[in-house]
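*Asks:* The sequence and its predicted three-dimensional model are supplied below.
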Amino acid sequence: MTWSEEALIAQAVSRITDEGPVLAAGIFGLANLIAGSTAGTVAGSVAGDTAAGAADALGVGGMFGALLKIGGALAGMRAGTHATASAQGASVRLLVAITAERIHVLNTGDADQQTEFDAFDRSSVHIDTTTVGVSRFLTLTDPETGHTLRLHGTLMPLSPLAEGDTTVFALLEDAENGKDRAPSN
């Protein structure tokens, strides 16, 4: 997948065919994936440490044991993230696409995973954003139902995801403040 904003908008346009133009698109993740990632890292670290202990007992520890510990932590982190997303019916990476009427949150991945995870009516959604370092959290709330979705994006200048995420945040914040932006494409 290409991460440029132009490529993300093109992907969104191919999936949202019954509305007007896509004004912005970015890649986000569910905010609670951080907890799944942490839990997976801990579990993976325990497994890696156990494997490293076995390697030490066989006399092949050292650098190999350290690699087993690191590998266990990384594998656990990935597994925890995927398991947390999957349990919620989401992909790890979500394509957030904004049209004049709606905010679409689309699953990404294999063809069978490309479904709409969630959607909000732009005219009524409550938008809240918070920043922690280079991470940015977007909370969308439907005031009629109370349904809330919390997403995590990035503003990190070197990240290929930052371009689309930054545009999504700017468009939603301007709309929340009554200054809707014209499309940039």
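*Replies:* Sure thing, it's come through.

*Asks:* Quickly list the domain ranges of the protein.
*Replies:* Domain ranges of the chain: 5-32+89-176, 35-87, per automatic domain parsing.

*Asks:* possible to save the ones you listed as JSON lines with mean neighbour count?
*Replies:* In this view, the C-beta of every residue, glycine as well, is placed from N, C-alpha and C. Below are the domains of the chain laid out as JSON lines (neighbours: other CB atoms under 10 Å):
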{"stretch": "domain 5-32+89-176", "mean neighbour count": "17"}
{"stretch": "domain 35-87", "mean neighbour count": "16"}
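
*Asks:* Out of those domains, which gets the lowest mean score?
*Replies:* Here the lowest mean pLDDT among these goes to domain 35-87, at a mean of 66.

*Asks:* Between the two ends of stretch 117-131, how far is it?
*Replies:* End-to-end distance for stretch 117-131: 24 Å, by CA to CA, to the nearest Å.

*Asks:* In terms of helices and strands, where is the residue nearest to residue 118 when sequence neighbours are not counted?
*Replies:* Closest residue in space to residue 118, ignoring its immediate chain neighbours: residue 105 at 4.2 Å, by CB to CB, 6 or more residues apart in numbering. Here residue 105, judged by DSSP states H and E, is contained in strand 102-107.

*Asks:* chain center to that strand, what's the gap?
*Replies:* Distance, stretch centre to chain centre, for strand 102-107: 12 Å (CA atoms, centre = their mean, to the nearest Å).

*Asks:* I'd guess residue 19 is in a helix, am I close?
*Replies:* No. Secondary structure of residue 19 (DSSP: H, G, I helix; E, B strand; the rest coil): coil, not part of a helix.

*Asks:* shouldn't it be in contact with residue 103?
*Replies:* No. Look at residue 19 against residue 103 with CB atoms under 8 Å: they stay out of range, at 11.3 Å.

*Asks:* in the sheet, who's paired with the residue positioned nearest the centre of the chain?
*Replies:* Centroid-nearest residue in the chain: residue 29, 1.5 Å away (criterion: CA atoms, centre = their mean). Residue 29 has the following beta-bridge partners by DSSP bridges: residue 152.
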